[in-house]
Structure formats: structure tokens, C-alpha cells
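S.K.: my questions are about this predicted structure, shown below with the sequence.
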Amino acid sequence: MANSFMLILLLFSYTCCYGYTELELLLKLKSSLVGSQGSGLEDWKQSSSAKSHCLFSGISCDESSQVISLNISHIPLSGSIPPEIGQFSQLLTLVLAATNLTGTLPPQITNLTSLRLLNISNNNISAHFPLISKMTQLEVLDTYNNNFSWPLPEEVASLKKLKHLNLAGNYFSGEIPPVYSNLQKLEHLGLNGNSLTGKLPSSLSRLLNLKQLYVGYYNTFEGGIPYEWGFLRSLQVLDAASCGLSGTIPLSLRYLSELEEVLLQHNNIKGHVPVELGSLTNLTTLDLSHNLLTGVIPESFCQLNKLEFFNLFNNKMDGKIPDCISELPNLRVLQLWGNKFNSQLPENLGKNGKLGWLDVAMNQIIGPIPNQLCKGRTLQGLILFGNSFSGPIPEELGTCTSLVRVRLASNSLNGSIPPRVLNLPNANIIELNHNKLVGKIPLFISGDSLETLDLSNNSITGNIPLSIQNLVGLQKLFLGSNKLSGDIPDELFSLKNISVIDVKSNGINGEIPKSIENCTSLISLDISRNNLSGRIPHDISKLKILSSLNLSDNHLIGEIPTEMQNMTSLVTLDLSYNNLSGRVPSEGQFAFFKTDSFLGNPNLCSSSQLICASSAEWSSNHGFRLGSCYWFKTILLVVSSTFFYVF
């Protein structure tokens, strides 16, 4: 009798109120989660063992073999959460994150009254959020990056034990409920990435334990940051980026001594940057970019010894960049572009050995480029274009092998190009154009990563080096408006990935190499305004994706290859001001080109002219520079005049 009673008790412990054992429940859960495709959770299998389900992946049980934790993350499923989820009466942790689930969150989930952690983030769950006020033990609620809509659920405010609330990345609309200020234990509040409106509630200042506050991105709030938020003395992260904020930065933020990150970028905040922010000595990240800020960088910022990321770009600030910025021991990223700063860069910038990215483009900065920028060999981005930098390019940059982007265009830099600058192994962009550089292109250049090289609009002399062939990844080459001479080397056309070649306005001579046919990736070729001679290679027609070709203002002779009619990608063509002869092709793409494309070639005939001498004929009479039709008409005129004179 006792054995029977124990058997009944054992069966009851493995059976839910609806008559399913927890093993059966998990198998039903599996069938719903994997959907019709039936993949995933392969180890969830039927078994005669009463405890086998506790060995399923993602499952933890208590001493009575009841499921207390169900944690399935980053497994590509294709189903939905079934109503049976509400029958796991002892469940404490439920994580179904990044599993591609769809459908809705079943209301039965509110039966999990013992649940402490619910994470269904990074799925495609949609519809209205269920009433969860009965789940009073919840400490973590994370629905990040789903498709929930409607107003934010106010009943969440009744979950007094809640510490982590993340409703971000959904389609919640309306205002932030002021009752959220009742969540006195809350440490993390994520409401960013929704469609929220209204004003930021000043009542959130009552959340004295709050450490992370995220309200930005895709939300559109009225007004600015409430002054009362200065009472959030435990706050470490304030992220209110890209959410339509206006007004000024409240001075009360100076009281948030625990702040580590302030992210207010992409708003309409105006006024000066408060000097008081310099007292936030725990700051590691300060991003005030893309606003309407004016004034100068406060000298008080020199106290921010933990600052790593400092962004003020795209504002209306001016004045001097404080020298002490270079003394910040942990500074890694400094972005000030798109302002009106008009001083020199601090001489010791980069001295800390940690600088990884410097972007001060489009200001009015003067003076030399500091030579310690890459002292720690960590600098990846050097973006200085659109200023008034002068002096030579520092030789030290040639040893900065960490550099990925070098953009020094549109300054007043002079001297020659340091040889090693064109041998940086990781650089994908080097732009030195629109400066006052002289001398020759270094004889040896290399770099498998280099995709764009722009040396145009300088006073560079000499030849295009044969080592150009070492730039195997090069896609765009700009050497125009210099004083280059010599031939176009075959090595240039050996580059298999090149799509744009621009060497216009130089003194390059010789013929167009026949090796141009190897440049099958070429989209745009401009070698105009040089001293090129010879004929247009027939094999140029093999460039099947070439869309723009400019050979104007050279000394090219001969006929236009008829094969060029078949270059169906050719949209722009300029052969003007050469010595070309013969008839202009009239079919294919040439039916669309205007006469401007052929001006200044007196020996060329249009398709409408009846008589046109071949290029061979014009070669034997190279002293005559007028078109054949003109001479034909002249002969007729002479004969006619003689006829009338005789008779």
C-alpha cells in the first residue's frame, strides 16, 4: 500500500496540472519552436527515463527533476512560443533569445508566477504585450529587438522587484508612462529604438538606483533633458542620442559623478558645452556630435583623465583646441570634424600611445601635422582634409603600419611624399590631393590593402613608377593635374581590380599601351590633356564595362576603331582635340554621342558626309589638316571657276 502511494506521489511530481509530464511538455514545446522545418533541439528526444529531460540542452532542473531554467539562445528555430509554456510551474528562468521566433507572446506566460528572468530578445515576436502584473517575482524583463507595438505597458510598474527592463528595439508608441518611476529597484531602463513621443518624464529622477538609461534612436521627444535628472546620482550611462532633443545641456548633469558614458549625438541641442561637465571625472565616452553647439572646448575637460572617446563633430564650435587634450592619458578617439576650430593641433597629440582615430576634417586648423600621432602604433584613421595644414608630411607616418585611412587632402602641405607613406600595409585609402606637394612619386610603392590612391592636384613630377603593379587591390587611382611625364607603363593596366584611372592634365607621352585590354574591371578612364600619340588601340573595345572614356587634348592619330560601336556600357566619350581622321562610327553607342565628343579633329568626317578619305590617305598627306569633304568641295569650286572663265 505504501509502495502504491509512493508511485502515485512520484507520478504526480512529474505530471502537470493538465496531465503532461515535464518531458512531454518539453517535447510539445520543441514541436512548436522548431516549426514545420523541424530542425533544432535535436537532443530533445522521447525517453523512458523520468529524468532524461533534465539532460536536454538548455534545461536545468531542481532536485525533484522539475524544470527551473529553460535557456535557448542563438539557435536558428522557425516556430513560435506555444501556450503550454505556462505549465512549467517552477520555472525561474526563461530565455528564448536570438532564435528567430515569430507569432505572439501567449497570455499563458503570465502563469509563470515564480519567474525571475524573462528574455525573449532578438526575435520577431509581435502584437500586443500581455498583462504580466501577476509575475511579481520578475527581476529581469528583456524584449529587445522584436515587433511589439501599442503603448508601453503600464502594468510593468507593478513589478516591484524589477531591476532590468529592456523594451528597446520594438514599435512601442506614445509617451513614457510616468508610473515607471515606481520601479524603485530598477538599475537598467532601455526604451530606445521605438516610436515614442512626448516629453522625457522628469519623474524618472526618482529612480535612485538607475545605472543605465537608454531613451534614444527612432524616438522623437519634445523639449530637452529634464533638469531633475541630475538627481540620478547612480547613473553610469545616459544615452539619449538621435531622438529630437532640443534646448541646452542641463548644468545639473554635473552632479552625476558616476557617469561613464554620455551619448547625446544627432539631436538639436544648442548653446555652449557646459564647463561643469569637466567635473565628471569617470567619463570614458562623451559624444555630443551632430548638434547645434557653439563656443569653445572647455579647458576643464583636461581633468577627464579616463576619457577614451571624445566626439564633437558637426557642430558650430570654434576657437582653440586646448593643448591639454593631448595630455589625456586614455584618449583613443578624437573627432572634431565639421566645426570652425582655428588653432593648431596640440603638438603632443598622440603622445599617450593610445590614439587610434583622429578626425578634424573641415575646420580651419593651421600649422604642421604633429609628429607623435602614431607613437603607440595604434593609429588607424588620420582624417585631416579641408583645413590649412602646412609644412611637410611627417616622415614618422611612414612607420605607422596600423594606419587604415590617410586623408590629408585640401590643405597646404608641401615637400615630397615620404617614401614609406606609400608602403603602408594596411592602408585602404591614401588621399594627398589638392596640396602643394613636389618631387617624384616614390620609386617603390606597395600595399595589398590599398583601394584608393589620390595624388591629384599637386606639382608632382617624374614617371608613374613600374611598382604601381604591386597595388594588387587598387580600385581607384587619381594622378591628374600634376607634372608627370614619361609613358603610361604596361604595369598600370595589369591591375585586375582597377575601376577608375585618372591621369589627366600631365605631360605624359608615348602611345596608349595595348595592354589596356587587360583592365577588364575599368569603368572610367581619363588620360586627357597629355601628350599622347599613336592610335587608339582596337583592343580598347574589350573593356566591356567601361562607361566613361576621355582621350581629349592629345595627339592621337588614325581612325576611331569601329569595334568601339559595340561598347554597350559606354555612356560618356570625349575624343576631341586630337588628330584623328576617317569617318566617325555611327552605329551602336555612337548613335547617341553628340558632335562635342569629336570637336577639334579636322580630318574626321561625320556619317552624313558623302566622301571621306581613309586614314591611310591622310597619312600620306599629313601636311593637310582639313577634312576630305572640304577638299572635295574646293576642287569642284576650282573646276567650276575654270569652266566659267573659259566659256
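M.R.: Happy to help now that I have it.

S.K.: how many neighbours does Ser49 have?
M.R.: Number of residues near Ser49 (other Cβ atoms under 10 Å) recorded here: 10. To be clear about C-beta, it is placed using only N, CA and C from the backbone, and glycine gets the same treatment.

S.K.: where in the protein is pLDDT low?
M.R.: 1-19, 36-38, 607-610, 613-647 (pLDDT under 70).

S.K.: quick one: buried residues of the strand ranked longest in it?
M.R.: Longest strand in the chain, counting residues (DSSP state E): strand 67-73. Neighbour counts over strand 67-73 (16 or more other Cβ atoms under 10 Å) mark Val67, Ile68, Ser69, Leu70, Ile72 as buried.

S.K.: check the offset of it from the chain's centre.
M.R.: On the basis of Cα atoms, centre = their mean, to the nearest Å, strand 67-73 sits 37 Å off its chain's mean C-alpha point.

S.K.: quick one: strands adjacent to it?
M.R.: strand 59-61 (antiparallel), strand 93-97 (parallel) (DSSP bridges).

S.K.: tell me the strands beside the helix or strand just after the longest one, with direction?
M.R.: If I follow you right, that is strand 93-97. Using DSSP states H and E, the next helix or strand after strand 93-97 towards the C-terminus is strand 117-119. For strand 117-119, sheet partners with direction are given as strand 93-97 (parallel), strand 140-142 (parallel), following DSSP bridges.

S.K.: right, and those strands - which one's nearest Ser576?
M.R.: strand 93-97 (63.8 Å; Cβ to Cβ).

S.K.: SS state for Ser31?
M.R.: Three-state call for Ser31 (DSSP: H, G, I helix; E, B strand; the rest coil): helix.

S.K.: which residues sit in contact with it?
M.R.: The contact partners of Ser31, by Cβ atoms under 8 Å, 6 or more residues apart in numbering, come to Gly79.

S.K.: tabulate the buried residues of strand 67-73 (TSV), appending distance to Tyr171.
M.R.: Converted to TSV, the buried residues of strand 67-73 look like this (distance: Cβ to Cβ, whole Å):
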residue	distance to Tyr171
Val67	32
Ile68	33
Ser69	30
Leu70	27
Ile72	25
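
S.K.: which of those residues sit farthest apart?
M.R.: Ile68 and Ile72 (14.7 Å).

S.K.: the residue lying closest to Lys436 once chain neighbours are set aside: which element?
M.R.: Leaving aside its chain neighbours, Lys436 sits nearest to Asn414 (4.5 Å; criterion: Cβ to Cβ, 6 or more residues apart in numbering). In this structure, Asn414 sits in strand 412-415 according to DSSP H and E.

S.K.: send over stretch 244-262 as CSV, restricted to the C-alpha atoms.
M.R.: Written as CSV, here are the backbone C-alpha positions of stretch 244-262 (Å, rounded to 0.1, in the frame of the first residue of the first chain):
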residue,chain,number,x,y,z
GLY,A,244,14.9,65.0,-31.4
LEU,A,245,16.0,66.7,-28.2
SER,A,246,16.3,70.5,-28.2
GLY,A,247,17.3,73.0,-25.5
THR,A,248,20.6,73.1,-23.8
ILE,A,249,22.7,70.6,-21.8
PRO,A,250,21.4,71.0,-18.2
LEU,A,251,24.0,72.1,-15.7
SER,A,252,22.6,69.6,-13.3
LEU,A,253,24.4,66.8,-15.1
ARG,A,254,27.5,67.8,-13.2
TYR,A,255,26.0,66.1,-10.1
LEU,A,256,26.1,62.7,-11.8
SER,A,257,29.6,61.8,-10.6
GLU,A,258,29.2,58.2,-11.6
LEU,A,259,28.6,58.9,-15.3
GLU,A,260,30.8,56.9,-17.6
GLU,A,261,29.0,57.5,-20.9
VAL,A,262,27.1,60.5,-22.2
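
S.K.: just the buried positions in it, please.
M.R.: Quick answer for stretch 244-262 (16+ other Cβ under 10 Å): 244-245, 247, 249-250, 252-256, 259-262.

S.K.: of those residues, which is the nearest to Cys612?
M.R.: For the buried residues of stretch 244-262, the nearest to Cys612 is Gly244 (67.3 Å; Cβ to Cβ).

S.K.: so who does that closest one touch?
M.R.: Gly244 touches Asn219, Thr220, Phe221, Glu222, Asn267, Asn268, counting by Cβ under 8 Å, 6+ apart.

S.K.: now swap in Leu263 and tell me
M.R.: Taking Cβ under 8 Å, 6+ apart as the test, what Leu263 contacts is Gly216, Val237, Leu238, Asp239, Ala240, Ala241, Thr285, Asp287.

S.K.: now Lys375: how far from His555?
M.R.: Here Lys375 is placed at a distance of 51 Å from His555 (Cβ to Cβ, to the nearest Å).

S.K.: ignore what I typed, I meant Thr294.
M.R.: Counting by Cβ to Cβ, the gap from Thr294 to His555 is 56 Å.

S.K.: now swap in Asn209 and tell me
M.R.: For Asn209, the distance to His555 (Cβ to Cβ) stands at 80 Å.

S.K.: same deal with Pro76?
M.R.: For Pro76, the distance to His555 - Cβ to Cβ - is 64 Å.

S.K.: with Ser32 instead?
M.R.: Taken as Cβ to Cβ, the span from Ser32 to His555 is 77 Å.

S.K.: between the two, which one's more packed in?
M.R.: A side-by-side neighbour count of Ser32 and His555, using other Cβ under 10 Å, places Ser32 first with 18 against 13.

S.K.: what residues are up against that one?
M.R.: Taking Cβ under 8 Å, 6+ apart as the criterion, Ser32 is in contact with Gly79, Ser80, Ile81, Pro82, Glu84.

S.K.: neighbours around the second one, how many?
M.R.: Pointing back at Ser80 there. 17.

S.K.: show me the beta-bridge partners of it.
M.R.: Here Ser80, judged by DSSP bridges, has bridge partners Thr102.

S.K.: pretty sure Ser202 is touching Ile225, no?
M.R.: No: using Cβ atoms under 8 Å, Ser202 makes no contact with Ile225, being 9.7 Å away.

S.K.: neighbour-wise, which of the two wins?
M.R.: Set side by side, Ser202 and Ile225 show more neighbours around Ile225, with 24 against 15, by other Cβ under 10 Å.

S.K.: okay, strands next: where are they in the stretch 351-500 of the chain?
M.R.: 357-359, 366-367, 381-383, 388-392, 405-407, 412-415, 429-431, 436-437, 452-454, 461-462, 476-478, 483-484, 500-502 (DSSP state E, counting those that start in this stretch).

S.K.: re earlier: how about the contacts of Ser32 in CSV, adding distance to Leu355?
M.R.: Formatted as CSV, the contacts of Ser32 follow (distance: Cβ to Cβ, whole Å):
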residue, distance to Leu355
Gly79, 49
Ser80, 49
Ile81, 48
Pro82, 54
Glu84, 56
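
S.K.: okay if I get the strands paired with strand 117-119 as TSV plus distance to Phe56 and mean neighbour count?
M.R.: Shown next, in TSV, are those (distance: least, Cβ to Cβ, whole Å; neighbours: other Cβ atoms under 10 Å):
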stretch	distance to Phe56	mean neighbour count
strand 93-97	14	20
strand 140-142	23	20
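
S.K.: correct me, but Arg214 touches Leu189?
M.R.: Not Arg; residue 214 is Tyr. Yes: with contact defined as Cβ under 8 Å, Tyr214 counts as touching Leu189 (7.0 Å).

S.K.: can you tell me the closest non-neighbouring residue to Gln108?
M.R.: In this structure, Gln108 finds its nearest non-sequential neighbour in Gly86, 3.1 Å apart by Cβ to Cβ, 6+ apart.
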